[in-house]
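Curious how this folds, go ahead:
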Amino acid sequence: MGFEQMGTDMGAELAWDDTIEKENEFILLPEGEYAFRVASFERSRYPGSDKIGPCNQAKIVLEVESPEGVASIRHNLFLHSKCEGLLCAFFRGIGQKKHGEKLKMDWNKVMGSIGRAKIGIRIYDGKKFNEVKQFIYPDEETTQPTTFKPGSF
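Next up, the predicted model:
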């Protein structure tokens, strides 16, 4: 099932005394390039750090389909001038921004957006999890590196 056909499964409400059994299954994807869908978006506030001052923060969850099931990847975007390039990369990755053009960020169109990203593995506190390494821009062709061969043109 591609993300273009993926529905929005709202699930069902559980009663306080219902029986449950389905456990949360964490899926760790191997490093690589994957199609994703923005599954959720939450507006938040970042308190600041040594690198970035206090600012608005977008907490995004990307869903990636895999043979093991749907993997969820959390990705934070900081609305700060030091992170403007990362914001541009995200909006280019979901097809809202074109190279060299200005864009007024339209967060209302983020939910359900699809794109591609290079996903890596990060280890934190001894646990492995996936992270976005780079968004892939749909408005640019992916070119394979060429190998130089002396005497051939």
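
which intervals of this protein have sub-threshold pLDDT?
Where the chain drops to pLDDT under 70, the residues are 1-10, 22-24, 140-153.

ok, now with 90
1-15, 17-26, 68-69, 138-153 (pLDDT under 90).

And the helices in it?
Applying DSSP state H to the chain gives helices spanning 84-93.

Let me see the contact set for the spatially most central residue of it.
The centroid of the chain falls nearest to Leu62 when counting by CA atoms, centre = their mean (4.4 Å). Applying CB atoms under 8 Å, 6 or more residues apart in numbering, we find Leu62 in contact with 36-39, 72-73, 75, 117, 132. In short, each C-beta sits where N, CA and C put it, glycine included.

Would you mind giving those as JSON lines with neighbour count and distance to Cys88 added?
Shown next, in JSON lines, are those (neighbours: other CB atoms under 10 Å; distance: CB to CB, whole Å):
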{"residue": "Phe36", "neighbour count": "27", "distance to Cys88": "18"}
{"residue": "Arg37", "neighbour count": "20", "distance to Cys88": "20"}
{"residue": "Val38", "neighbour count": "21", "distance to Cys88": "16"}
{"residue": "Ala39", "neighbour count": "17", "distance to Cys88": "22"}
{"residue": "Ser72", "neighbour count": "16", "distance to Cys88": "24"}
{"residue": "Ile73", "neighbour count": "20", "distance to Cys88": "20"}
{"residue": "His75", "neighbour count": "18", "distance to Cys88": "15"}
{"residue": "Ala117", "neighbour count": "25", "distance to Cys88": "14"}
{"residue": "Val132", "neighbour count": "21", "distance to Cys88": "14"}
